[in-house]
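Student: Let me see the structure of the following:
(6 chains, ligands or ions: 9)
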Amino acid sequence: MLTAILALALLALVFGLLLGYASIRFKVDSDPIVDKVDAILPQTQCGQCGFPGCHPYAEAIARGEADINMCPPGGETVVMALADLLGRDAKPVEGGAKEKMIAIIDEQTCIGCTLCLQACPVDAILGAAKQMHTIIESECTGCELCVEPCPVDCISMIPVKVAPATWTWPYPVATTQKQPNA
Amino acid sequence: MPTTIISSPHLHGPANVSNVMLRVVYALLPAIAGCIWLFGWGVLINLLVAIATALASEAAVLALRRRPILITLRDGSALVTAMLLAIALPPLAPWWLVAVGTAFAIVFAKQLYGGLGFNPFNPAMAGYVLLLVSFPQEMTSWAAPAGLRSADLGLVQVLLHSLTGTLPAGMSMDALTSATPLDTLKVQLGMSHTVSEIRGGPIFGLFGGKGWEIINGLILLGGLWLLWRRVITWHVPVAVLGSLGLIATLFHLINPELYASPLFHLASGGVMLGAFFIATDPVSGATSRRGQLVFGVGMGILIYVIRSWGGFPDGVAFAVLLMNMAAPAIDYYTQPRVYGHNRG
Amino acid sequence: MDLALSSRDHTEAAERMMQNHTDTARVHRHLWRFHGGLHLPDHKSLSSGQQIQPAALPKHLVLPLQQHIGAPAKPLVEVGEHVLKGQMIAQADGFVSAPLHAPTSGTVSAIEERAVPHPSGLTALCIVIESDGEERWVEHSPTTNWAALDASELRNLIREAGIVGLGGAGFPSFIKLNPGARTEIDTLILNAAECEPYITCDDRLMRERADEVIAGARIMRHALHARHVVIGIEDNKPEAHAALREALARLDRSDIELIQVPTLYPTGGEKQLIKILTGKEVPSQGLPIDINIVCHNVATAAAVHRAVELGEPLISRIVTVTGGGVVAPHNLEVLIGTPIDDLLAQCGGTRPTLARLVLGGPLMGITLPHRALPITKTGNCILALTPGEFGQHGPVRNCIRCGECARVCPASLLPQQLYWHARAKDFDHAQDYNLFDCIECGCCAYVCPANLPLVQYYRYAKTEIWAQARDKKKSELARERHDFRTERQEREKAERAARLAKKKAALEESPAADSEEAKKAAIKAAMERAKAKREAADVAPKNTDNLTADQQRQIEEAEARRAAAAEKEEEVRK
Amino acid sequence: MVDKTLRQIAGDGLWHNNVAFVQILGLCPLLAVTSSVVNGLGLGLATLLTLVLSNVTVSAIRNLIRPDIRIPVFVLLIASIVTAIELAMNAWFHELHGILGIFIPLIVTNCSILGRAEAFASKNSIGRSFIDGLTMGLGFTVALVLLGAMRELLGAGTLFDQAHLMFGEAARTFRLTVFEDYKGFLLAILPPGAFIGLGLLIALKNVIDQRRATAPQPAATMEPATGMTGGAN
Amino acid sequence: MLFKKMLLSAALLGLFAVFGTALVAFTYEGTRERIAQNERDSLLHSLHALILPERYDNDPVADKLEVHDPVLLGNPLPQQVYRARKEGKPVALALTAVAPDGYSGDINLLIAINHDGSLAGVRITAHRETPGLGDKVDVTRSDWVQGFAGRSLINPVPEKWKVKKDGGVFDQFTGATVTPRAVVKAVHNALSYYQQHRDTLFDGGGTTAPQQEAPHGG
Amino acid sequence: MTEYALILVSTVLVNNFVLVKFLGLCPFMGVSRKLETAIGMGLATTFVLTLSAICSYLVNEFLLAPLGIEYLRTIAFILVIAVVVQFTEMVVHKTSPVLYQVLGIFLPLITTNCAVLGVALLNTKAQHSFLESAVYGFGAAAGFSLVLVLFAAMRERITVSDVPAVFRGPAIALITAGLMSMAFMGFSGLVKG
Ligand SMILES: Cc1cc2nc3c(=O)[nH]c(=O)nc-3n(C[C@H](O)[C@H](O)[C@H](O)COP(=O)(O)O)c2cc1C
Ligand SMILES: Cc1cc2nc3c(=O)[nH]c(=O)nc-3n(C[C@H](O)[C@H](O)[C@H](O)COP(=O)(O)O)c2cc1C
Ligand SMILES: Cc1cc2nc3c(=O)[nH]c(=O)nc-3n(C[C@H](O)[C@H](O)[C@H](O)COP(=O)(O)O)c2cc1C
Ligand SMILES: Cc1cc2nc3c(=O)[nH]c(=O)nc-3n(C[C@H](O)[C@H](O)[C@H](O)CO)c2cc1C
Ligand code: SF4
Ligand code: SF4
Ligand code: SF4
Ligand code: SF4
Ligand code: FES
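Tutor: Ligands and ions are numbered 1, 2, ... in the order given. Below is the predicted model of the structure:
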């Protein structure tokens, strides 16, 4: 019995040394998975996922604390990409996918209070105190964060306009094939 | 604004799934007639039970999934599955055996994956193997071919047997069944008989089993018709038959008393059916031409290995399932070179 | 003949002599074959007997600003302005773009969003011209001595004439006539295949105007310094072939090879034609010019001839109006912008059996939602199909992996794999299977026994991938800007904290400065700082660092609107 | 009464995060030994015991050990516990031990045990870890028993055959012959039957989940109860 | 620093190893007897089914012999012989043997032979025959194997030591002749072996099992 | 020589670890969503399994058996395995960053793969010699990798199939594994004994 204990303790001691050495020698510094997750997120920075922005959400996902389907702006695409990256099963997006919107300021009503400007996470609003504010269309992520703060309710969300160049073919519906038109 | 957007092309060729499946059915008819002539009415009853079960179970799943039933049933694939399974089963099988196998084929091997086109395994062979491993006794008692059985059953008697398991008084199952040529070969080789001794037995014909040669010929006929109608291509059958024939020749030359002749191998068991009707199943097989060759060669090798050294007298069904398993990987590694991409 | 003999022309002449050796040497160029393809019932006889006729001058012409690949043209005219036939009414905006010319004389009645012939059925900005019926030409001058021009001058002429590819894609032709850094263009291919069923406009063009085609080919060759010129024509157009051969012989252009290729859809696809004629393959994601080949449609060649030698910009094209749904199929010379309805009317109207109206051929054309759409530069055919002409159409089933699609795919793709992944919205895998090498020829969908709308799946996947790329770019930008903002906020916070700390330290350090004077001075200084800050803010609004040109433009526009609004307010106040 | 969170832990172990049906872990013993109810139950209980003991031990020493040798220490502990249990089984359930064979020592590598130690016990108090181990283990045992029952019933037409292996000679009478004169559906007791059977059970769980998601949520007490009825079955 | 950390890790791991091993070692000590007893019991249990306990008074598990005959016992490995005696006189023995030509490989047998050369009984201890077919040789599936009790080399006569299908007296199962054929052959071989070595097999008796090798059969 | 070949055939096909012996199922189900990862996992497992089979043999033969403490096998083996895995990781990390990219992430998963411990235990049970142990370990891993890769390729296909909602995910994967296992029954009897 003593031999048993001794033998195994010795074995463990040797292995312990080895492992201790290995653990020091090969410490992983940063978590590259966070960056990978972050790269997939849409960077709307809207906070709908319950985290203060995309990067914190990415960290939470990497830590295994958050599910991968909490980003409504990202929709199905992001869930699938995350599922793929992390080897988890894809599931429907929490809250469902949303139509793409951008904000627009009614320039006649704006009083130039700069509140929206402070709220915008991506600096897509231009203006200065007491001056009319404008949203740079190409930069607005449609996060809606500026809508709430406006004291005169002059910001509204409108769907992004589709042009022939940005139009996408609809997903085929099985039964529409070979149906005559005109 | 248009209501629905219709994409080009605005023309369509003559091919459609139902036609393809129907052609397979037609191609099977000569072999079925031959089987009925050789093995008796049991074959017909198997067919009827299988078809009824296949359609019913497919309809049941579709109903559960709230999918259109009639349109789907009309694609004919369940019919093909049922027919192929039915002629692979022992002619005097009880009805429940046929029904269990067919239902498993349709429900588990096909519909659970989403139905026609999605199943990774060949449904008919999945059903067959299920029966083989679950009910080996029922699956190994084959009706003796015409001329070799000491008694004959009429249609009603066979029906009665299938439904209730009873035989007319004074008739025993032994009088109606006999071991198949492959089974006999395997068992007797196990008893250290030589091939030529075994081949001298009454159930053997010119080069294969008595009667089996004819059936295989009829299947070959149907298969050639399929080839001619361009339902299948030559790759799979040639690869299967070629590789099996080649290996069999090789071993036969090494020791003819231990290894049966290539002709015997080609004309026995399910090889012809497998090569022309089963391995050619587009859904569960490999798609690319090169992939089909790999698929067929793999099948030929497996058939020979299982027959010669494995536990089962015939290996066609297993070979099909095993190659089905490999088909996605084969497809992945045999992609054609795309226009404008470098070789390799 | 009228080519100035340069050193390169010596070699050219030598080659020509070699080729002249026997007449058949040319005709018997070794032909290759591409993978797949379809033999289709061609239905060309419906319209191939019909001579090209001018279409009636319509009352209104609608000219979308984008009729080509690239950026939309920028209008040069204003509503109410009178324009002359051939006058440039919109100019190219950027390098990949093409100008637009008035197809007839008249008045610009609107510049507005109108429905355009596009699969989406959406609207786009168009110039609408009300014709005055006078067909008064703007002053235009032929360039007879084009051989004396250098290539870039020629290209400029062609660019100014608004010529874009008439073979379908509508790529600005002058770009394709620019060999760039490569001095050696090996082969100029004239695409005379016209491989889609029903269409006969190129066929008629070659039969009736073979000289124009050849003249255009010579100009193109001159611009490109191409060593060989090959016209590839399918062998189902013997008359056109004969006409071209006759013209070539007559003009003694034995340096232009006229090659009959077997009829097999889609021989007319640029990549396929190149493969057939040269055995070379255009690299994936690459261009023909990467293998020193350029391919133009025969009608494009004719248009180049007109632009250079007659000085006429591209204002009309030949359109085949055909199909079982139209009473009298025709080949019409149509002014760009003519409503399709007018063309159908000129062909005796449509039959009640008409089931679908298609712009383009039956394999690649787009479905038209209605008839009130204009013909654009790329519209080669109007096809009125009846139900009997669609072929077999059963219910759509699942793919059975029969592999027929892969057998016919001219790009050697695995269409069913593309389908599986597009269907599952697994775009990465679809791209792994080379989705973007698909030329959308429709062969796969034609043969698919499951009746799958395969091409639509690919188009869906392609446009979604592009949309995702746009979104991705946008989100990258958003991330940058968000990071920048966070950084700025942190910096400001840190600065504030530092200031506060300094102040506190200062206060603690100099308790002596407790005097009234010091306090006052401090308050004054603070007020001054605040004022300066306010002023600074007035002069330079926040957020104006790191702006792109686009943003700058938007800001300017906003400022302008604001100024206008202020003016208005002023007026109201008055 | 269990407080809310403890109940959640229990619900997780038995149903929502069931080792077998949701985490898809511990599959090897799950599939290998479930050719009968009794085998399943035997291994299930052994695993349950291991889980509880290892969870409690790990929780007890959770503040002692350093992160770099955490895993080896856990593995070592689990291996010791398992070996002790194996020896005990060999002593008191000799025949069962023979039947379960290699799968008893393999409890060591049952991913769920190390998983629980890592994910739960090393972060929670002893009491909570105990509940977690108990319910996780129970959930796993239930899965083993269900699958065993399914396969035994289909394959041999009986239930609780050879119950004496666990409960002593008196238990021979437990055997329930459900189908008299049953042909035996061999597939069920062969390896493929194990895979397919578990697949079906998981699908069944999905069906129940789906039903419950659509039906108005009943009282929360339902959750563990559902798992329990499965166990008492 | 690094070294210290390593040592610490090692020490901790070693510590837990000591704890773990101690736990196991204690359990081992506590169960060792019982496990050995279990093993004995289960072997005895099998023997009892063939040789009734009233028939002997020695400890057959201890009175064991290892013999070797690849041909007649079907396996190149040594086989065990357990001997039962009453008042020192040989009563019967049970020997392990293998039927190598089963349908799916080896079939392990325990064959009990009375001193007079008649069979006391046969049991299948391990096999891999097809469930539902060949596995009927297992006593839990059918009582086919009971049919051997009382047989001997002369009962039936050697030509009849075959399955019925081959003209013998032993039943086969429908659709599975290979397995019974293999078992019948193996039992017959074992009887022959017994006959050849009958004299030496009971030698060296007593309760202490000699590691004696029986002479080779020829 | 033939006996090694037989061991190989037996472990890869006839007694396939995953489909017949039920070992290593968790990684089989868990790491088979993508073909590429499956290949990586297969390679990593093959390496570790062979190595740990050898090491366990050595520990058993030269430590446990001489001291008569075979009952500590499980503990000793699992320690060996943990160390082999760590060690492999270390070596791979040091020698080939590329290989580490491919295999590194799978290594921690292997410790809890029962196939590894299973091979060690089965080796001692079957009293394999040194070489036999190594071949057995290698064969087991090769069989594991083979079915893992095939399964992954199938699963990629199945994920784009129209599987009924309740069967999507693990359920249909298990049923597929069941059908695979059924197909593998075809090999039974190839190697007797
Ligand atoms: C984005 C784009 C860029 C192109 N750039 C060139 C170019 O630089 N030079 C050139 O000769 N052709 C260029 N092409 C034209 C192609 O070679 C080709 O002729 C054109 O896409 C029409 O071919 P298709 O109708 O077969 O699609 C370009 C085409 C596209 C779509
Ligand atoms: C499937 C397919 C078929 C085509 N068929 C023709 C054709 O028959 N004739 C033609 O001129 N262009 C055809 N094209 C367009 C050519 O690829 C290419 O765009 C054109 O010849 C380039 O000349 P362009 O720039 O002058 O239009 C086809 C394209 C595709 C993808
Ligand atoms: C899957 C399968 C498993 C079989 N298993 C056995 C078996 O375990 N034992 C056996 O004797 N025969 C078995 N056989 C049957 C033999 O092939 C053969 O039919 C029989 O043993 C000898 O034929 P007979 O009984 O008609 O004389 C099996 C057959 C099959 C197809
Ligand atoms: C040439 C050909 C061969 C076929 N072979 C089989 C077969 O062997 N087994 C089967 O169940 N179905 C077969 N089918 C029918 C069909 O493809 C099959 O039911 C699908 O696998 C179901 O999704 C075949 C169909 C064709 C066209
Ligand atoms: S919901 Fe999505 S887009 Fe919004 S902040 Fe979270 S991760 Fe970013
Ligand atoms: S919050 Fe509203 S009012 Fe204030 S600056 Fe923004 S848009 Fe103008
Ligand atoms: S032709 Fe249609 S059914 Fe056949 S493989 Fe292609 S997509 Fe599938
Ligand atoms: S449409 Fe695309 S995938 Fe289909 S045949 Fe044409 S090139 Fe191939
Ligand atoms: S239980 Fe075997 S690998 Fe998880």
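Student: can we go C-alpha only for contacts and neighbour counts from here?
Tutor: OK.
Student: Figure out how far the helix or strand in which residue E:36 is found is from the centre of its chain.
Tutor: Element membership for residue E:36 (DSSP states H and E) is helix E:2-50. Mean-position distance between helix E:2-50 and its chain equals 28 Å (C-alpha atoms, centre = their mean, to the nearest Å).
Student: I'd like to know which elements that helix is packed against.
Tutor: On a contact count with 3 or more C-alpha pairs under 8 Å, 6 or more residues apart in numbering or on different chains; DSSP states H and E, helix E:2-50 meets helix A:2-25, helix D:70-92, helix D:94-100, strand E:119-126.
Student: how about 7 Å then?
Tutor: Applying 3 or more C-alpha pairs under 7 Å, 6 or more residues apart in numbering or on different chains; DSSP states H and E, one finds that helix E:2-50 makes contact with helix A:2-25, helix D:70-92.
Student: between those helices, which gets nearest to chain E?
Tutor: helix A:2-25 (3.7 Å; C-alpha to the nearest C-alpha).
Student: which is the next helix or strand following that closest one?
Tutor: With secondary structure assigned by DSSP H and E, helix A:2-25 is succeeded by helix A:32-40.
Student: List the buried residues of that next one.
Tutor: A:33, A:34, A:37, A:38, A:39, A:40 (16 or more other C-alpha atoms under 10 Å in any protein chain shown).
Student: same question for it, mean pLDDT?
Tutor: Average pLDDT, helix A:32-40: 80.
Student: Okay, and residue D:41 sits in which element?
Tutor: Going by DSSP H and E, residue D:41 is part of helix D:37-60.
Student: Which other helices and strands does that helix contact?
Tutor: helix D:70-92, helix D:111-119, helix D:126-156.
Student: is chain A contacted by the first one?
Tutor: No: between helix D:70-92 and chain A, judged by C-alpha under 7 Å from any C-alpha of the partner chain, nothing touches; the nearest distance is 8.3 Å.
Student: Name the surrounding residues that touch that helix.
Tutor: Helix D:70-92 has contacts (C-alpha atoms under 7 Å, 6 or more residues apart in numbering or on different chains) with D:50, D:54, D:97, D:104-105, D:107-108, E:13, E:16-17, E:20-21, E:23-24, E:27-28, E:31, E:34-35, E:38, F:74-75, F:79, F:82.
Student: domain parsing for chain C?
Tutor: C:16-346, C:393-506 (automatic domain parsing).
Student: how about the helix or strand hosting residue B:250: buried residues?
Tutor: Taking DSSP H and E as the definition, one finds residue B:250 inside helix B:235-254. Neighbour-count burial for helix B:235-254, counted by 16+ other C-alpha under 10 Å, picks out B:235-245, B:247-249, B:251-252.
Student: mind checking the end-to-end distance for stretch C:30-48?
Tutor: 29 Å (C-alpha to C-alpha, to the nearest Å).
Student: Mind checking the pLDDT average for it?
Tutor: Mean predicted lDDT for stretch C:30-48 stands at 92.
Student: residues contacting residue B:272?
Tutor: Contacts of residue B:272 (C-alpha under 7 Å, 6+ apart): B:216, B:219, B:220.
Student: Beyond the helix or strand where it lies, next helix or strand please.
Tutor: For residue B:272, the element it lies in under DSSP H and E is helix B:271-273. Moving toward the C-terminus from helix B:271-273, the next helix or strand (DSSP H and E) is helix B:289-309.
Student: hey, C-alpha coordinates of that next one in CSV?
Tutor: Extracted C-alpha coordinates of helix B:289-309, given in CSV (Å, rounded to 0.1, in the frame of the first residue of the first chain):
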residue,chain,number,x,y,z
ARG,B,289,-18.0,11.4,-63.0
ARG,B,290,-14.7,10.8,-61.4
GLY,B,291,-16.4,10.5,-58.0
GLN,B,292,-18.8,7.9,-59.5
LEU,B,293,-15.8,5.8,-60.7
VAL,B,294,-14.3,6.0,-57.2
PHE,B,295,-17.7,5.1,-55.7
GLY,B,296,-18.1,2.1,-58.0
VAL,B,297,-14.6,0.8,-57.5
GLY,B,298,-15.0,1.1,-53.8
MET,B,299,-18.2,-0.8,-54.0
GLY,B,300,-16.7,-3.6,-56.1
ILE,B,301,-13.8,-4.0,-53.6
LEU,B,302,-16.1,-4.0,-50.6
ILE,B,303,-18.5,-6.5,-52.2
TYR,B,304,-15.6,-8.9,-52.8
VAL,B,305,-14.1,-8.4,-49.4
ILE,B,306,-17.4,-9.0,-47.5
ARG,B,307,-18.3,-12.0,-49.7
SER,B,308,-15.0,-13.7,-49.4
TRP,B,309,-13.9,-13.0,-45.8
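Student: That one close to ligand 7?
Tutor: No: if you take C-alpha under 6 Å from any ligand atom as the test, helix B:289-309 misses ligand 7, and the best it gets is 12.4 Å.
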